[in-house]
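turn this into a model:
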Amino acid sequence: MNDKNYEFFKSMIEVYTIPTAILEVHKNPDGSVGDVIMFAVNSLLAKNAQSMFLEEDSDKKFEGVPYYENMSKEPKFEEMAYRCAWLKQRIHTYVDTTMMYGYWTEDILLPVTAPEEKPDDVSYCMFMYTLNKEMDTGKVSNVNPEISSFVIKTCLNLRNEEDFHAKMDVITRDIRKYTDAYSCCIMTVTPDLYKFDVISESVRNNEICIKEIFEHIPYEIVETWEWLVAETNCIIIKDENDMQFYEQKSPDWVESLLNNHVETLVLVPFIHQNAIIGYLYITNFDPELLVKIKETVELVSFFLSSEVANHMIMDRLEYLSNVDMLTGVYNRNCMNVTVDELSTKLKLNPKPFSVAFCDLNGLKSINDNDGHENGDQLLKDAARLLKEIFVGDKIFRAGGDEFTIISTKSTEQEFIQKIATLKQKACDPDWLYFAVGYYHDAKDGNLRLAMRYADERMYKDKDAYYEAHPDKRR
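Numbering: from 1, shown residues only. Okay, here's the model as predicted:
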């Protein structure tokens, strides 16, 4: 350590009333960032960092060691330090780091010059930070005017009266263009349902479909992102070194990135009530814009989080009000609404449709003799078979043992084939056996009349079943 440089910087930063450090930033022979050393720290930073990162009785030192000796290693922090120390860029960011530290963090990096000689591969910058429990809107307004303008534009788009998905499409496209990225998408994550969904995407020249790509990505890979971002407020991969860094942590994820020609990436979590509910996912951006991109997407994601959370809540409420919890098909309430709406549409604009009533024979007998747990399992098996066969059609649990199917997409022959497949697969009198009645309307458009005809035919099929199996009669 150069004693004169150290003494100069140490005396300089001790006058600051916020945590401050001088960073010694090394440059590798290939021009990339090397180690970032805490060259000198003031007493406030030492005290603050001790309480945040170290055990109370720890005697580890802060000065003269790489910053990651005492806190998580962050490639994007190293990039900012490099740009400040070597490219003489002044950097000011204000980001949500509540998942890491429980605070919003304001970072300020300023280039400084050492008074004495130093090694050729070393340059310095001053690093200061402040912490806020809640977001300070005043500090948000002090960020780069270009970034502020983009964030405000995004917020105005969020207040647009268009539907949710239309708004997200506009915002996703704007983010992709602003970051000069190849692709950008917004996705939601629902851990209790073990699933994730791409809700909007934008790709340069529409060359690929991100949703289709993620259909081949297992949930387990997306699940690893949560503990990866726990070490930082977002993940940024700007070069091969960063890619190798994350390959050690999540090899399967990095393999999927490489397979899809991803070279650079930004992954920012959406956080609501201290839980991750989704991500902003940007690939192949311009690394020269890294500092601007980092601050922009972190601020934008804060506002997007609330919008995505509201959408997910409304989606869940709609799901709960329309889906039968036992079987996973639509419930009676949803069927009534669908019948009302479709009846009106078909009267105004008749088109071919088909309906079917499928009643489980022997459910009461199984409930009485084998218990309701077995009866519930029979209902689940029945719904699973219906979903397997009637792909693209609406399936409802109309009552205790009765299911209704409404199809506006299948042709008459396609629907008849589906009915034949159902009769073939659901013909076990000791377990799964459907009484089925169906009706196809080619031109009249009278849905309720078609449902009455299908219901009558189902009861005829049920009577035939009990004539053949009188011991199963309720």
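
flag the shaky bits of this structure, pLDDT-wise.
Within the chain, the stretches with pLDDT under 70 are 1-2, 51-60, 99-101, 137-143, 161, 472-474.

please parse it into its domains.
3-134, 145-321, 332-472 (automatic domain parsing).

any chance of those in TSV with mean neighbour count as columns?
All C-beta spots, glycine's among them, are computed from the backbone N, C-alpha and C. As requested, the domains of the chain are exported to TSV (neighbours: other Cβ atoms under 10 Å):
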stretch	mean neighbour count
domain 3-134	17
domain 145-321	17
domain 332-472	17
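
got the contact list for the closest residue in space to Asp286 that isn't next to it in sequence?
Once flanking residues are discounted, Asp286 sits nearest to Asp180: 4.3 Å by Cβ to Cβ, 6 or more residues apart in numbering. Applying Cβ atoms under 8 Å, 6 or more residues apart in numbering to Asp180 gives the contacts 285-286, 289.

same question for Thr264.
By Cβ under 8 Å, 6+ apart, the neighbours of Thr264 are 237-239, 283-285, 287.

let's see 6 Å
237-238, 284-285, 287 (Cβ atoms under 6 Å, 6 or more residues apart in numbering).

just those residues now: which is nearest Tyr246?
Comparing these against Tyr246 with Cβ to Cβ places Ile237 closest, at 6.3 Å.

show me what that closest one bridges to in the sheet.
For Ile237, the beta-bridge partners are Leu265 (DSSP bridges).

hmm, it is touching Met243, no?
Yes: assessed by Cβ atoms under 6 Å, Ile237 is found in contact with Met243 at 5.5 Å.

returning to that earlier point: possible to save the contacts of Thr264 as JSON lines with distance to Asn132?
Converted to JSON lines, these look like this (distance: Cβ to Cβ, whole Å):
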{"residue": "Ile237", "distance to Asn132": "28"}
{"residue": "Lys238", "distance to Asn132": "28"}
{"residue": "Asn284", "distance to Asn132": "34"}
{"residue": "Phe285", "distance to Asn132": "28"}
{"residue": "Pro287", "distance to Asn132": "30"}
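
which of those residues sits closest to Gly392?
Nearest member of these to Gly392, counting by Cβ to Cβ, is Asn284, at 35.2 Å.

please name the nearest non-neighbouring residue to that closest one.
Asn284's closest residue in space is Tyr182 (Cβ to Cβ, 6+ apart), at 3.7 Å.

so who does the one you found touch?
Taking Cβ under 6 Å, 6+ apart, one finds 204, 283-284 in contact with Tyr182.

again, only using 10 Å
Contact analysis of Tyr182 by Cβ atoms under 10 Å, 6 or more residues apart in numbering lists 176, 202-205, 207-208, 261-264, 282-285.

among those residues, which ones are in helices?
Arg176 (DSSP state H).

of the contacts of Tyr182, which is the nearest to Ala383?
Closest to Ala383, out of all of these and judged by Cβ to Cβ, is Ile208, at 34.9 Å.

OK, contacts around the closest one?
182-183, 201, 260-261.

just the closest of these to Leu449, please.
Using Cβ to Cβ, those come closest to Leu449 at Glu201, 43.3 Å.

run through the residues that contact that closest one.
With Cβ under 10 Å, 6+ apart, Glu201 has these contacts: 168-169, 172-173, 176, 183-187, 208-214, 281.

what of Leu385?
Listed by Cβ under 10 Å, 6+ apart, the contact partners of Leu385 are 358, 403, 421-422, 425-426, 432, 434.

just to revisit the earlier point, Gln417: which of the contacts of Asp180 is nearest?
Phe285 (49.4 Å).

returning to that earlier point: between Ile237 and Met243, which contacts overlap?
254, 257, 262-265.

now do the same end-to-end measure for stretch 62-75.
19 Å (Cα to Cα, to the nearest Å).

same question for stretch 436-445.
Span of stretch 436-445 from end to end, Cα to Cα: 22 Å.

gap between that stretch and the chain center?
42 Å (Cα atoms, centre = their mean, to the nearest Å).

same question for stretch 263-279.
That offset, for stretch 263-279, works out to 7 Å (Cα atoms, centre = their mean).

and stretch 214-222, by the same measure?
With Cα atoms, centre = their mean, you get 11 Å for stretch 214-222.

hmm, who's touching it?
Contacts of stretch 214-222 (Cβ under 10 Å, 6+ apart): 185, 187, 189-191, 193-198, 201, 209, 250, 252-257, 259-260, 279, 281.

got it, and stretch 317-337?
Counting by Cβ under 10 Å, 6+ apart, 193, 338, 376-377, 379-384, 386-387, 390, 394-399, 402-406, 451 sit against stretch 317-337.

could you redo the last one with a cut-off of 7 Å?
376, 379-380, 383, 386-387, 394-399, 404 (Cβ atoms under 7 Å, 6 or more residues apart in numbering).

first-to-last residue distance for that stretch?
16 Å.

is the residue nearest to Asp286 in a helix, a strand, or coil?
Under DSSP: H, G, I helix; E, B strand; the rest coil, Asp180 falls in the coil class.

confirm that Ala21 sits in a strand.
Yes: assigned with three-state DSSP, Ala21 falls within a strand.

what's near enough to touch it?
By Cβ under 7 Å, 6+ apart, the neighbours of Ala21 are 13, 38, 40-41, 45, 127.

do that again at 6 Å, thanks
Contacts of Ala21 by Cβ under 6 Å, 6+ apart are 38, 41, 45, 127.

enumerate the beta-bridge partners assigned to it.
Val41, Phe127.

against Met128, how distant is it?
Note on Ala21: its distance to Met128, by Cβ to Cβ, to the nearest Å, is 8 Å.

what do you get for Trp86?
From Trp86 to Met128 the distance is 19 Å (Cβ to Cβ).

over to Ser407?
Here the criterion is Cβ to Cβ. By it, Ser407 lies 65 Å from Met128.
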